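> fold the following.
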Amino acid sequence: MSSTASLIRESVYSEEETVMWKSLKDSKTGLIGVIIVLVVFITAVTATLIVPYDPAKQDLVNKLMNPVFAGGTTKHLLGTDQLGRDILSRIIYGSRVTILVAFSGTICAGILGITLGALAGYYGKWVDSVIMRIVDIQLSFPFVLLALFVAAVLGRSLRNIILIAAISNWVQYARLIRGEILSVREMEYIEAIRSVGGKNGRIILYHIIPNVISPVIVQATLGMARIILMEASLSYLGLGVPLEIPTWGRMLSDGRDYMLTNPWLAILPGIAITVTVLGVNLMGDWLRDYLDPKLNV
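Okay, here's the model as predicted:
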């Protein structure tokens with residue numbers, strides 16, 4: 001019996017994978033987005049293996065070298081910065097911070113937001129009022145101002161940047177999951193589970209959240225782009241990770257003084273940020289189309 005059930009599950013999962021792959025192939029922009037995200041992710045994971053130079057190593061003799069497409073040598077494909085550090089190596093290492101902050105911040109924000117939103121939506125009454133007032137208070141602060149305040153108070157560290165990402169983004173998940181739960185908590189199947197003695201926690205975790213998680217997945221994908229921009233902005237302002245860690249935002253900040261003489265110092269990390277955010281947004285748009293049944297009619 002268990003073997004038959006296992007075969008049925010495998011068949012369903014296989015069919016789902018086929019439908020998802022077909023949907024991705026049909027969406028050219030979605031496919032481009034997924035490829036960009038995968039390339040950035042693989043680059044971040046293998047950064048220590050593929051970098052041609054130590055990203056922190058200074059070589060003042062070879063500072064401000066042109067990239068190869070601007071008349072430079074193949075020794076430094078994307079040139080060097082004002083301290084002689086290899087730009088390609090720093091961009092590759094910078095992807096590690098971007099991916100780590102984006103994924104960790106999204107997961108932490110999602111867990112916090114889903115938990116509080118589920119409690120507010122399911123229990124309602126004073127629980128809903130308290131949580132939603134906290135949401136309203138946080139939304140009254142401009143996003144950038146809140147991030148700057150937390151960064152200035154807690155100081156520069158990778159852990160604090162992830163914490164800022166979670167604090168700044170959990171409200172979107174809380175409001176979304178609350179609204180979804182309000183629409184399903186009184187449905188017949190939930191009432192049936194309650195009538196046979198189902199516990200509230202089990203109902204929320206096993207019967208409600210799995211049925212409302214699709215829009216949360218889309219929100220998480222699009223929220224990653226916002227976190228990437230947040231991390232780059234804080235690094236640009238000197239409130240991101242410690243100075244010795246290469247980040248795209250700090251490279252952009254360092255290159256602003258050389259825009260007239262060596263513009264690639266700012267242009268190249270700017271392109272990395274733009275392409276990554278574009279890829280995440282394109283992937284999010286495809287996921288929204290795939291997971292929203294109303295768009296598949």
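> please, where are all the helices along this structure?
For the chain, the helices defined by DSSP state H cover 2-26, 28-45, 47-50, 87-123, 125-139, 143-154, 158-184, 188-195, 200-202, 209-212, 214-236, 248-255, 264-291.
> so which of these comes closest to K57?
When those are compared by CB to CB, helix 87-123 sits nearest K57, at 8.4 Å. To be clear about C-beta, it is placed using only N, CA and C from the backbone, and glycine gets the same treatment.
> so which elements touch that closest one?
Applying 3 or more CB pairs under 8 Å, 6 or more residues apart in numbering; DSSP states H and E, one finds that helix 87-123 contacts helix 28-45, helix 47-50, helix 125-139, helix 158-184, helix 214-236, helix 248-255, helix 264-291.
> who touches the shortest one?
Yep, that's helix 47-50 we're talking about. Counting by CB atoms under 8 Å, 6 or more residues apart in numbering, helix 47-50 makes contact with T43, I92, Y93, S95, R96, all of which sit outside it.
> any buried residues in stretch 208-226, and which?
208-209, 212-216, 218-226 (16 or more other CB atoms under 10 Å).
> please work out the average pLDDT along that stretch.
On average, the pLDDT along stretch 208-226 is 83.
> one step back: quick one: the helices and strands packed on helix 87-123 as a markdown table, columns for distance to L148 too.
Below are the helices and strands packed on helix 87-123 laid out as a markdown table (distance: least, CB to CB, whole Å):
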| stretch | distance to L148 |
| --- | --- |
| helix 28-45 | 26 |
| helix 47-50 | 28 |
| helix 125-139 | 15 |
| helix 158-184 | 9 |
| helix 214-236 | 8 |
| helix 248-255 | 13 |
| helix 264-291 | 19 |
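> list the contacts for T247?
Applying CB under 8 Å, 6+ apart to T247 gives the contacts G94, V97, T98, E231, A232, S235, G240, V241.
> so which of these sits lowest on pLDDT?
When the contacts of T247 are compared, G240 shows the smallest pLDDT, 75.
> test my guess that M259 contacts A266.
Yes. Counting by CB atoms under 8 Å, A266 is a contact partner of M259 at 5.9 Å.
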